[in-house]
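[1] model this:
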Amino acid sequence: MSLVSRYLDPVLIERLTHLQLSARRVVAGSTIGRHRSPIKGASIEFRQHRIYVSGDDPRRLDWRVLGRTDRPYVKEYDEETNLRCLILLDSSGSMAYGRKHGTKFDFAASLAASLGYLMLGQTESVGLGAFRKRIDTFLSPRGGTAQLARLIDVLERTNPRGESSLESTLHDAGNRLERRALVIVVSDFFTPPERFREGMAHLKHDRHEVIALRVLDRDEIEFPFRRWSRFRGLEGEAAQLCEPALARKTYLEKFQRHQKELEDQCHALHVEMHTFPTDVPLVDGLSRFLRSRQGA
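    As a prediction, this is how the structure comes out:
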């Protein structure tokens, strides 16, 4: 696949193509990366060959192809459909923040594009939902090279603005997904943890696997401001003038408490959460994330 976009860095893609994104459990009717489909039946039609990877059943090797090419290939059939993944991307106003390293939205969009590229390259099915108070633009999970162009087009046309409601978005996603899937939520997760839990519980109840990827600016993590500053809300909040030395302690306490509550909610629901600071090169954070998934 080849597509030029500000959200798809060829150097990044080159370094990531050897990694796999895999779900922890096989969802119904799916093969996830190297896993075998649980579907069996007498009426099956051959669809394609793919290269053998560790974990494939050796009985599915095509020995004639191996003899001709000296490379191991396995047969795939129509009943074997690939992982269905939906990437939910936060496009609310808070994602527009960024001083030194670009906005959180640009980082998050690059993260979504890279994951989409990687999974489509593995013949998985990928969809995208850009959300604020609900899903504003929805691209159903599909496979094939044309899906990458559709995904990039949605990213290029999306601008972060307005208020958000992660809870409503997760309910919306649950209602749209007809089959079990891997749902990856890319957001700053500045939402009340109890509402976050309600939306995530909907997806988990429907037996989707959920991964939360939190994108944060270093300013939000450390609150480095030293001079009197005017802070303006990006989702309709009133502006406030404050002395940072006085505000910093209170902010950091609330930030750390909020983060702990989010982590506790994720742990209770068996949802993974990974944090991506925007000042850390995407390739480094994404590589660590994918390797952690491979070793899980």
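[2] which ones are touching the residue most central in space within the chain?
    The centroid of the chain falls nearest to residue 184 when counting by Cα atoms, centre = their mean (3.5 Å). The contact partners of residue 184, by Cβ atoms under 8 Å, 6 or more residues apart in numbering, come to 85, 86, 87, 88, 115, 210, 211, 213. From N, CA and C alone the C-beta is placed, and that goes for glycine too.
[3] which of those lies closest to residue 62?
    For the contacts of residue 184, the minimum distance to residue 62 (Cβ to Cβ) is 27.5 Å, reached by residue 85.
[4] burial measure for that closest one, as a count.
    25 (other Cβ atoms under 10 Å).
[5] distance from the helix or strand hosting it to the middle of the chain?
    Here residue 85 is covered by strand 84-90, with elements defined by DSSP states H and E. Relative to its chain's centre, strand 84-90 lies at 6 Å (Cα atoms, centre = their mean, to the nearest Å).
[6] where are the low-confidence patches of the stretch 151-296 of the chain?
    Scanning the stretch 151-296 of the chain for pLDDT under 70 picks out the ranges 227-241, 243, 294-296.
[7] can you give me the helices in it?
    166-176, 193-205, 218-222, 244-269, 282-294 (DSSP state H, counting those that start in this stretch).
[8] tell me who's in contact with the residue lying closest to residue 268 once chain neighbours are set aside.
    For residue 268, ignoring the flanking residues on the chain, the nearest one in space by Cβ to Cβ, 6 or more residues apart in numbering is residue 197 at 7.6 Å. For residue 197, the contact set (Cβ under 8 Å, 6+ apart) comprises 265, 268, 269.
[9] relative to residue 120, which of these is nearest.
    Taking these together and measuring to residue 120 by Cβ to Cβ, the closest member is residue 269, at 27.8 Å.
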